[in-house]
Every structure is written in structure tokens, then in C-alpha cells.
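Colleague: structure here, sequence nowhere to be found:
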């Protein structure tokens, strides 16, 4: 790494000789109004000391491969020269501009613990109307500070052109008290757009830069009308869209009410082989009610761009053509089965760290659903996909971007496809039940990932079709009896599932119980499929205990849950490998239940 320019330092608190002072086109250049006007990562904040001028400065800390970049879009004149400068502190600090239309520029310095000024200049291209200016640090070098940024050059005439009208909103994702509204993005010559949502012709509510909005506090079984407009930073607003309407559900009506009373959920290795053998879609046994296609995976951890491909012939010799695969999906659906795309898995780490990644997640997942005509989506985020930032301690009001953005994305997808859209989740016990004892990084030195699925489950509980926690590949977990339970026996499944059906405290707040018809529990179909294999007899003892109050062991659940929905397994392929023990035994058992 070599510098593009060197930093020049003046006395602390005073501008260096020659500092630009004519015009400043940057928004909130001294960070006096927080991070207004800037797009920054979660690690960024403003501080009151040390500052170079005024009362505030930017502080941002690179994390992992993230350089903690803060940036903003600025309107400029074509074919014009601009000077960009900022006062900075830190081990490594970078200042630059992109989208100039000629040669993007950057400079950097190592000012350490004293303020130093970075400066560079650029000339815009003949058709350039906006540039992006930025500050960032370098990974592994700690926090940097910045203050008193100046973008000096010819000002642009006042913006009087409004953004284009957004797309007509879609209204869906109904619960008894909420409706989700989403729309296609607007465009504007400034590049920065915010949206206002008006309900029933009333005073608009700002949705910020998001292209989705959830209306809350609504009355059950009632129709509401929504329209949307776009506004830019200069205060120009488009006309409102045409109105769209949606109706809340009657109180107590569950989503996706066309499901069987008892279900078997199986994951199908549709994109890979792992020793259990490939199964063409047409050959998936009829015992399965849900077939989750494993897996849709991101192009990179933070891109939000999810892709799905059928297993390549070099890996799965008997893979069917796409036409036959689609025909197999249609045949399952015609038989009343649900076919979902499952996102994530062990290798598919998904971190929606930005709103751009959130929006790409929505469009790319929708493209998969539309291409294959699927019934919905399964979220199988594992590993490091979800975690909680420090001080994010209330699952009812999460603040961590990867969690907030996931919730927003799922609400948008639910709104896009409506009430029949199937949404399921398959978290590990570490991300759910462990939250009873440890929640995030602030509880007894706990892992930042502990309990991190809970805010997602809670926010989407009215849209959630089925939650089937993976009761396998788990360490011992404390149940509501304050005893540790170990996977592989019926007590583990009873204790873990009882927590979901009875509710449990999470860092002083009560995580409310889910409805029994929203809950199944998951286990491996064979000993080769994962740690925690449970025999048929032990599995059915657990279900008896939960659904009938009989056959219980040492753990006694807080209630009896006759509506418990069913069982999930990893996987359809491993079940065939194991002689269909799981599907045939448990299908017959579930069918015999009242």
C-alpha cells in the first residue's frame, strides 16, 4: 500500500495555510448534526471530544474486512474542478471521491493522535452531475476520526426537479393489526430519495430511503388504502402514486391456513451432493408436506445477492433438466405440497449489513421464487450470519443492521406475495433457546450470536408460517426447569419446544409464546446426517409428551399443545439413504394423531 498524497498538518484547531474556504457543497461537513447526510456502517458515531472544530466529529471503527467507510452523494457541475479536504486523526485514514466521470481520486495519511489535513482534487466529466465523497480507515488499525470536511468548487443551481413517481405500492403480509406496503424505487438527478406513505389520505409518514413500510396499530378485518410519493434532499416531491388497498386479517386467523394439520418438512439437496445421493424432484416421496430446496447462497457474505442453481451434472450424475425440475415442482404443488427456497445453510453466510444488501436480497430472492414458481421462503441462517451489536439488548426493538435489514427484507417479500406466502425458519438452538441464559455480547460475556434469531422471530411472528428449530448439532441447553438438556433423547426435544410454546424471559423481557400450529421441531433423518440423531421411539415419545401430555420423561412441559404442527428433518436425501425410516414412520404416526 502506498499513499496517493501526503497529509499536511496545521496547529490543532486552526486551518492549515491554503485550506479551501470559499464554498462547501458537502452536507453536514462538520458532523454537527450527527451522521445526517452520510451513509455509514454501524460502527460509526459522532463524538464530542476530540474535535477539530465545532462540537462534534466523526469516529468510525473498521471491523473485519469492512473499512468503516462513510460517504455521501453530492451534486456537481460537469467539466468543473473541485477540491476535497478533511481534518483527520488515526493510524490510517483515507479521503476520496468516486463517480467523477474522469479519474476517481483518493489520498491517505497516518496522522496518529494529532489532527492533520488531507486534501485532493478532481475534475468532473462532461456529463457528470453527482459524485460520491468518502472517508474510511483500514482494517485492523483501530478507530479513525474526521471533522471539518470541505468540498470546494462551482456550486450547482438549486434543484427544482422532483423525483419520478414511485411504482404503485403492493399491500400484503396482513396480520390482524399490521399491513406491509412495498413499491418500486423512484429516481432523481440528485441520487438521494426518501419516501412518504399516506394511509387513507391522511398525513404522510416517512419511510426514509426504504422501499417498504409496515403500517401498525390497525383494526382487525378492516380495509386500508395507501399511496406513496418520493422527495429529494432539496424538498422536491413527486406526485403520489395511485392508491392500493389491503385488508387486515380477522383476529386469531393464522397465516397460510391451507396447510395440513400435521406436517413433515424435509430439506432436498437440490444444489449439491454430499454422499447421500441426488433425488430428482419427481421422486421426492409423497410423505413430505414441505420440500425446502437447499440452498440459495449469496455471491458474497455481505452482497445480499442470493443465487440458486441445480446441482451440476459433474456432481450429481442423475440431475434432471430444468424443465423436468420445474415439472416436478408443479406436480408436488398440485398434490398440495409446499416447495420453498431455503436460504443459507452451513456454508451460505448472509449478512445484510447495508440497506443496499437488504434490497438486493429482496430482488434476488424474488427472482428465484418467480423463476421456479415457489410457495415461499425458508430462512436457514447459520454460523455468523446473525449477531447482536453491543448494547442491542431488547429483542423487541433491535438496532443491529443485519437483524433490522433482515426483518425489513422478509416483510417486503411477504407484502409482495401476499397472505398465502409461506415463511419458515430453521435456526439452531444457539440462536434461539440459548437466549434464555445468554443474549448477545452483553450477558455474562456471552457470544454476540447467542439468541440473535429472537428479534427476527418476534418481529415476524404474525407472518411466520412455521418455526422448526434444529434440535441437533447443539451443545447442552438450559430449559425452563433451569437444568441443562442434551440432544439425542426425547427430553431435549420436549424442553426446547416447550420454551417456544410457553414463552421465556430474555434479559428481563418476556419472549411471548408462539402458537402451536407455528411450531415443529427438527432432527437428523439418519445418524450420518448430523449429531443428535434421535430414534423413532424417542422422537414420538417427545411428540406425545408435548401434544398429548403422555409419555413424558424427567422434563414436564408447562402445558399440553395438541396443535403442535409436526417434524422437520435434515434431510429428504438422508432419509432415503436410511431406508425412509423417518418419513414413513413419522408420517404414519402423525396421521394417527387426533
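Modeller: Good, I have the coordinates. Since the model is a prediction, treat every value here as computed from it, not as a measurement.
Colleague: so where is the stretch 1-150 of the chain shaky, pLDDT-wise?
Modeller: Low-confidence segments of the stretch 1-150 of the chain (pLDDT under 70): 1-22.
Colleague: how close does residue 90 get to residue 278?
Modeller: 52 Å (C-beta to C-beta, to the nearest Å). Using the backbone N, CA and C atoms, a C-beta is placed for each residue, glycine as well.
Colleague: next: residue 481.
Modeller: According to C-beta to C-beta, residue 481 and residue 278 sit 43 Å apart.
Colleague: higher neighbour count, the two?
Modeller: residue 278 (21 against 15; other C-beta atoms under 10 Å).
Colleague: quick one: secondary structure of that one?
Modeller: Per DSSP: H, G, I helix; E, B strand; the rest coil, the secondary structure class of residue 278 is coil.
Colleague: report the contact partners of it.
Modeller: Contacts for residue 278 (C-beta atoms under 8 Å, 6 or more residues apart in numbering) come out as 269, 311, 316, 317, 318, 319, 573.
Colleague: now do 6 Å
Modeller: Residue 278 makes contact with 311, 316, 318, 319, according to C-beta atoms under 6 Å, 6 or more residues apart in numbering.
Colleague: just for the protein, where's the confidence low?
Modeller: Across the chain, the ranges flagged by pLDDT under 70 are 1-22, 172-175, 190-192, 251-257, 442-446.
Colleague: pick out the residue nearest the middle of it.
Modeller: Residue closest to the mean C-alpha point of the chain, counted by C-alpha atoms, centre = their mean, is residue 406 at 1.9 Å.
Colleague: in space, what's closest to that one - neighbours in sequence excluded?
Modeller: residue 352 (5.4 Å; C-beta to C-beta, 6 or more residues apart in numbering).
Colleague: quick check, that neighbour in a strand?
Modeller: No: judged by three-state DSSP, residue 352 forms no part of a strand; its state is coil.
Colleague: separation between it and residue 330?
Modeller: From residue 352 to residue 330 the distance is 31 Å (C-beta to C-beta).
Colleague: same thing with residue 522?
Modeller: 27 Å.
Colleague: neighbour-wise, which of the two wins?
Modeller: More crowded of residue 522 and residue 330, by other C-beta under 10 Å: residue 522, with 24 against 13.
Colleague: now do the SS call for that one.
Modeller: strand.
Colleague: from residue 34, how far out is it?
Modeller: 43 Å.
Colleague: and what of residue 73?
Modeller: Residue 73 is 18 Å from residue 34, by C-beta to C-beta.
Colleague: which of those two has more residues huddled nearby?
Modeller: In terms of neighbours (other C-beta under 10 Å), residue 73 is the more surrounded of residue 73 and residue 34; the figures are 18 against 13.
Colleague: okay but the more buried one is in contact with residue 130, surely?
Modeller: Yes: between residue 73 and residue 130 there is a contact at 5.2 Å, judged by C-beta atoms under 6 Å.
Colleague: got a list of contacts for stretch 294-310?
Modeller: 267, 269, 271, 319, 341-343, 345, 348-353, 357, 360-361, 364-365, 368.
Colleague: so how far is it off the chain centroid?
Modeller: Distance, stretch centre to chain centre, for stretch 294-310: 13 Å (C-alpha atoms, centre = their mean, to the nearest Å).
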